[in-house]
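Peer 1: After the sequence you'll find the predicted model.
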Amino acid sequence: MPAGERPGLRSLLRNVPAAVRRDYATTLLVQWFVLGVGLVLFHLVARRASVSGFTYYQIARSTVSTLQPALLLGLGLGLHRYLPRTEHTTRRLARNAFTIEAAVVTAVGLAGVAAADELAALLGLPGGSAVTAVMIMLGGNCLCTLALAALRGNHQVLDANLILGLGFGVTPLFAFVAATRIDDFLIIQGLGTALVGVWGTLVVRRLPATTGDQEREPDVRTLIAYGVRRMPGELALPALYTFPTLAVAVAMPGGAEAGYVGFTTSAVTLICSVFAMLTPVLMPRLSRLFHRAGEDSGVRQLLTVLPLLAALLAAVPTGVIYVFAPALVRGFLGPEFGDAVMVLRLGVVAAVPLAMFYAARPTMETLLDARFMSRLLLACLALEVVATGVGLAFLTPPHAAVLGLTVAALALGLDAVGLAAYAVRQPRR
């Protein structure tokens, strides 16, 4: 591209290889299917189990989302990074990682069952059996997620999308149909996703061997060493979404309000899903671009404004949800959930700055040291906790929780924009 010419977003994406664009499109479609199933389950659980059952389900989902990054030990990130570097040990590395993860979730599950009554009282769950069900769901999700990471790291995109759709889309729907109680629903879902994870690990293929001398291939210790260094930020990001629901569950045990907040954070997640997919699409291209001679300087200008473009795009569905919140709550949850309307309206605004963060993330991941991301996410999580605590002195717990989320999202989005702009101004290294 001639010097001084500014490329548009469409031009940049056209330069991405066709295989990458195809993988992005298919993965996004499957992800939307999974998110759509989640929304349908909100509706179905609310209709079948009413307010109390819906709250139980939301607390279970938030607990799983909060604990899962810690239980994965960074193995998923390690598989993304190191599995493509293997030739002779690909299957063994994936299966060793899966075995370690199975041992971890089993140990944590047994510990959770042993303290089931105390945990149920803390989270406002209906008894120790509910904790057992949540632990099974947590274990299944972790195992399926690890298998998915192995397939993606091994470039088996079709298999990975199949595991994603079956494990997190079809299995929850089947579990809902097969169960009559929330406990059974969570247990069947957890066992089903675990079986899908086992299958996914077994279909990991060996990459074609190349000729010539090969370096020592990475092992499980390499995966753990890398993953542990990346864990702080990976723990903080999902915690930004799950902390509001858990905070309300603790402040108002057994109340329906935690479910309202969980529904709100799910709406935010749905809006941001498109922008989250920019990272796997743009990072390979940016990594090559900024480490080769003759880079296109116009891309730097585009990356600077990309987060602002994301904010404008995210504002459209955010505005639609804000305006039609009463109809959405009534249609998805039912007329008895009217108190969720204001919580949804206050919390969904966080999607706009979070979209800015996700649009800036490929630039930061490519051009900045990894510690920037972890420190940024940890600082924003701390801000969310503080803002929620301050809000509790003046507001109801649900309103304080979504206020904390919005404040943290705003700080995260603005800081990400600044860091991305700083990154693109740095000379090529």
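Peer 2: Done, it's in. As the structure is a computational prediction, the values presented were derived from the model and not from experiment. Numbers count the residues shown, from 1 in each chain.
Peer 1: neighbours around Arg21, how many?
Peer 2: Neighbour count of Arg21, defined by other CB atoms under 10 Å: 14. Every residue, glycine included, has its C-beta placed from N, CA and C.
Peer 1: pLDDT wise, what is it at?
Peer 2: If you check Arg21, the pLDDT there is 71.
Peer 1: Can you tell me the element it falls in?
Peer 2: Following DSSP states H and E, one finds Arg21 within helix 18-71.
Peer 1: and after that helix, which helix or strand comes next?
Peer 2: Counting by DSSP H and E, what follows helix 18-71 is helix 75-82.
Peer 1: how big is the angle separating that following helix from helix 18-71?
Peer 2: For helix 75-82 against helix 18-71, the angle by axes from the mean of the first three to the mean of the last three CA atoms, to 10 degrees is 150 degrees.
Peer 1: Need the residues that contact helix 75-82.
Peer 2: Residues outside helix 75-82 that contact it (CB atoms under 8 Å, 6 or more residues apart in numbering) are 93-94, 97, 100-101, 145-146, 148-150, 152-153, 218, 222-224, 226-227, 230, 234.
Peer 1: List the contacts of the closest residue to Pro126 other than its chain neighbours.
Peer 2: In this structure, Pro126 finds its nearest non-sequential neighbour in Tyr56, 6.3 Å apart by CB to CB, 6 or more residues apart in numbering. Taking CB under 8 Å, 6+ apart, we find Tyr56 in contact with 49, 125-126, 130, 182.
Peer 1: can we see that at 7 Å?
Peer 2: By CB atoms under 7 Å, 6 or more residues apart in numbering, Tyr56 lies in contact with 125-126, 130, 182.
Peer 1: pLDDT weak spots in the protein?
Peer 2: The chain contains residues with pLDDT under 70 at 1-17, 20, 81, 207-215, 279-300, 366, 369-370, 426-429.
Peer 1: Show me where it has its strands.
Peer 2: With strands called from DSSP state E, the chain shows none.
Peer 1: State the distance from the spatially closest residue to Leu368 that is not a sequence neighbour to Asp23.
Peer 2: In space, and not counting its chain neighbours, Leu368 is closest to Ala423: 5.2 Å by CB to CB, 6+ apart. Ala423 is 25 Å from Asp23, where distance means CB to CB, to the nearest Å.
Peer 1: Next: Trp199.
Peer 2: 21 Å.
Peer 1: Pick out whichever of the two has more residues nearby.
Peer 2: Legend: neighbour count by other CB under 10 Å for Trp199 and Asp23, higher for Asp23 (20 against 16).
Peer 1: for stretch 68-87, which positions count as buried?
Peer 2: For stretch 68-87, the neighbour count (16 or more other CB atoms under 10 Å) marks 68-83, 85-86 as buried.
Peer 1: And the residue nearest to Leu368, how far from Thr388?
Peer 2: Separation of Ala423 from Thr388 (CB to CB) stands at 30 Å.
Peer 1: now do Ala114
Peer 2: Distance of Ala114 to Thr388, given as CB to CB: 30 Å.
Peer 1: Not counting sequence-adjacent ones, nearest residue to Val104?
Peer 2: Leu71 (5.6 Å).
Peer 1: From what I see, the one you found and Thr106 are in contact.
Peer 2: No: Leu71 is not in contact with Thr106 according to CB atoms under 7 Å; the separation is 10.5 Å.
Peer 1: Nearest spatial neighbour of Thr89, chain-adjacent residues omitted?
Peer 2: Of all residues not flanking Thr89 in the chain, Glu217 sits nearest, at 4.9 Å (CB to CB, 6+ apart).
Peer 1: Burial check on the one you found, number of neighbours?
Peer 2: 16.
Peer 1: So for Ala114 and Thr388, which residue has more residues nearby?
Peer 2: Neighbours were counted for Ala114 and for Thr388 using other CB under 10 Å; Thr388 has more, 24 against 12.
Peer 1: How much space separates the residue lying closest to that one once chain neighbours are set aside from Leu412?
Peer 2: The shortest distance from Thr388 to any non-neighbouring residue, by CB to CB, 6+ apart, is to Gly404 (3.3 Å). Using CB to CB, Gly404 is found at 12 Å from Leu412.
Peer 1: how close does Leu166 sit to Tyr56?
Peer 2: The gap separating Leu166 from Tyr56 is 25 Å, by CB to CB.
Peer 1: hang on, the earlier thing: scan the contacts of Tyr56 and report the most crowded one.
Peer 2: Leu125 (26 neighbours).
Peer 1: Now it. Its backbone dihedrals?
Peer 2: Leu125 adopts backbone torsions of phi -90, psi 150, taken as degrees, to the nearest 10.
Peer 1: I figured it was touching Met135, is that so?
Peer 2: No: Leu125 lies out of contact with Met135 (CB under 7 Å); the separation is 11.4 Å.
Peer 1: quick one: common contacting residues for these two?
Peer 2: Common contacts of Leu125 and Met135, defined by CB under 7 Å, 6+ apart, are absent altogether.
Peer 1: who touches the residue nearest to Thr89 in this structure?
Peer 2: Contacts of Glu217 were listed using CB under 7 Å, 6+ apart, and they are 85-89.
Peer 1: now do 10 Å
Peer 2: Each residue near Glu217 by CB atoms under 10 Å, 6 or more residues apart in numbering is listed here: 82-83, 85-90, 92-93.
Peer 1: Over to Pro218?
Peer 2: By CB under 10 Å, 6+ apart, the contact set of Pro218 is 78-79, 81-83, 85-86, 89, 93, 225-226.
Peer 1: Trp113: neighbouring residues, count only.
Peer 2: To be clear, residue 113 is Val; Trp isn't right here. For Val113, the count of nearby residues is 15 (other CB under 10 Å).
Peer 1: what's the answer for Ala25, then?
Peer 2: Around Ala25 there are 12 residues (other CB under 10 Å).
Peer 1: what about it, distance to Leu302?
Peer 2: 21 Å.
Peer 1: Phe54 now?
Peer 2: 43 Å.
Peer 1: The two: which has the busier surroundings?
Peer 2: More crowded of Phe54 and Leu302, by other CB under 10 Å: Phe54, with 29 against 17.
Peer 1: That one and Phe42 touch, don't they?
Peer 2: Yes: between Phe54 and Phe42 there is a contact at 7.5 Å, judged by CB atoms under 10 Å.
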